[in-house]
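[1] Please find the sequence and the predicted model below.
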Amino acid sequence: MMTRFASPLWLLAALIVIARIVLLIRDRRRRFGAFTISSLSLVSPKLPVRARLAGLPFVLECLAAMMMIIALARPQRVIRMASNDRYGIDIVVALDASGSMAAEDFRPRNRFTVAKELIGDF
């Protein structure tokens, strides 16, 4: 089983989401220094819930954007590739059914009967 995308160019939009994540991480590293506190004894060992969930909206937004991009790319599961190895020519035959086909040019049969037999032999 294989997965393919009907519109794979949409996956290029994922680069925007990835760039946004990289910029946020780089921004946070610049904003906060490595040592902002003089002593680790001043730091509470347990962060408050609000501080732990501060990045959750951004993570959910990026996740939603990635899901939309994947949906726009239209993933399709291919069970087996169908090969069309049949070669041929399609032929359509139109047969006149007007009154002139009743003329008996081919004794004892008429034109319509002769035309049907020729189509059958074809």
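    Done, it's in.

[2] Excluding chain neighbours, give the residue nearest to the one residue sitting closest to the centre of the chain in space.
    By C-alpha atoms, centre = their mean, the chain has its centre lying nearest to Arg74, at 2.3 Å. Leaving aside its chain neighbours, Arg74 sits nearest to Ala6 (3.9 Å; criterion: C-beta to C-beta, 6 or more residues apart in numbering). Using the backbone N, CA and C atoms, a C-beta is placed for each residue, glycine as well.

[3] Can you give me the distance of that neighbour to Ala64?
    Ala6 is 21 Å from Ala64, where distance means C-beta to C-beta, to the nearest Å.

[4] go on, Gly120?
    Applying C-beta to C-beta, the value for Gly120 to Ala64 is 64 Å.

[5] And Leu12, by the same measure?
    18 Å.

[6] Could you do Arg4 as well?
    From Arg4 to Ala64 the distance is 24 Å (C-beta to C-beta).

[7] Equivalent analysis for Arg50, please.
    Distance from Arg50 to Ala64, by C-beta to C-beta: 22 Å.

[8] Many thanks, we can stop here.
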